[in-house]
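1. below are the sequence and a predicted model for it; my questions follow.
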Amino acid sequence: INNNLNIKIFLLYFFGFIVQGMSEEFIFRGFLMNSIGGKHNIILAVVISSSLFSLAHILNDGVTVLALINIMLFGAFMSFYMIYFENIWEVSAIHSIWNFSQGNIFDISVSGTNSGESLFKTGFVDDKVFINGGIFGIEGGIATTIILALSFILLFAFIKKKKGTE
């Protein structure tokens, strides 16, 4: 536990991540995905917006191919979540909480960036980079790939159930 936590800076990061997560969601899901989806099919819109969302992280510290795949999967999950629940605010909240929790609760690098003040002080094991993502953070590790895959399965089960009731 970080006994020297600067609560003011901690809260500034919280509000900063709200703006950051919401901004990225409005750009990639709200505008880009909907613009493409309105003229073409929704799968193409999800693929393009998620791919560009991933490429927006390509210059971050510690980026790897797996990290870019995971960022793209996260973008695709957020896209399908938004389509299913028809609510960009929930997607924005999930994105913001995802980033804030990693960086400012658990002291994990957020897509290769350090988040400053955190509730806990942690580190990663150098020889487990494939699992933990190394300096890029957990978004660069296979553990995130597995969690995202399980999340997709659950979301698609909800989508299938919703279609069966319509």
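-> Arrived safely.
2. contacts for the lengthiest helix in the chain, please.
-> Counting residues, the longest helix found in the chain (DSSP state H) is helix 142-165. With contacts defined as C-beta atoms under 8 Å, 6 or more residues apart in numbering, helix 142-165 is touched by 66, 69-70, 73-74, 76-77, 80-81, 84, 130-133, 138. All C-beta spots, glycine's among them, are computed from the backbone N, C-alpha and C.
3. tell me the two of those that are most distant?
-> Using C-beta to C-beta, the pair of those lying farthest apart is Tyr84 and Phe130, separated by 31.3 Å.
4. check which residues of the longest helix of the chain are buried.
-> Within helix 142-165, the residues scored as buried using 16 or more other C-beta atoms under 10 Å are Ala143, Thr144, Ile147, Leu148, Leu155.
5. list the residues that contact Tyr13.
-> Phe100, Gly103, Asn104, Ser115, Gly116, Glu117.
6. pull out the buried residues from the host helix or strand of Phe15.
-> Under the criterion of DSSP states H and E, Phe15 resides in helix 7-25. For helix 7-25, the neighbour count (16+ other C-beta under 10 Å) marks Phe10, Tyr13, Gly16, Phe17, Ile18, Gln20, Gly21, Met22, Glu24, Glu25 as buried.
7. what's the answer for stretch 44-61, then?
-> Ala45, Val46, Val47, Ile48, Ser49, Ser50, Ser51, Phe53, Ser54, His57, Asn60.
8. for the nearest residue to the fourth one once chain neighbours are set aside, grab the count of nearby residues.
-> The reference is to Ile48. Of all residues not flanking Ile48 in the chain, Ile36 sits nearest, at 5.5 Å (C-beta to C-beta, 6 or more residues apart in numbering). For Ile36, the neighbour count with other C-beta atoms under 10 Å is 17.
9. give me the pLDDT for Ile36.
-> Per-residue confidence (pLDDT) for Ile36: 97.
10. what sits against it?
-> Leu44, Ala45, Ile48, Ser49.
11. which SSE is the third one in?
-> For Ile48, the enclosing helix or strand under DSSP H and E is helix 42-55.
12. which elements pack onto that helix?
-> helix 34-39, helix 65-85 (3 or more C-beta pairs under 8 Å, 6 or more residues apart in numbering; DSSP states H and E).
13. low-confidence ranges in the chain?
-> 166 (pLDDT under 70).
14. can you dump the C-alpha coordinates of the longest helix of the chain into CSV?
-> The C-alpha coordinates for helix 142-165 follow below in CSV (Å, rounded to 0.1, in the frame of the first residue of the first chain):
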residue,chain,number,x,y,z
ILE,A,142,-1.6,-13.2,-22.8
ALA,A,143,-3.6,-13.0,-19.5
THR,A,144,-5.5,-10.1,-21.0
THR,A,145,-6.0,-12.0,-24.3
ILE,A,146,-7.6,-14.8,-22.3
ILE,A,147,-9.9,-12.5,-20.3
LEU,A,148,-11.0,-10.7,-23.4
ALA,A,149,-11.7,-14.0,-25.1
LEU,A,150,-13.9,-15.1,-22.2
SER,A,151,-15.6,-11.7,-22.2
PHE,A,152,-16.4,-12.1,-25.9
ILE,A,153,-17.9,-15.5,-25.3
LEU,A,154,-20.1,-14.1,-22.5
LEU,A,155,-21.1,-11.0,-24.6
PHE,A,156,-22.0,-13.2,-27.6
ALA,A,157,-24.1,-15.4,-25.4
PHE,A,158,-26.0,-12.3,-24.3
ILE,A,159,-26.4,-11.2,-27.9
LYS,A,160,-27.6,-14.7,-29.0
LYS,A,161,-30.1,-14.8,-26.1
LYS,A,162,-31.4,-11.3,-27.0
LYS,A,163,-31.9,-12.3,-30.6
GLY,A,164,-33.8,-15.3,-29.5
THR,A,165,-36.2,-13.2,-27.5
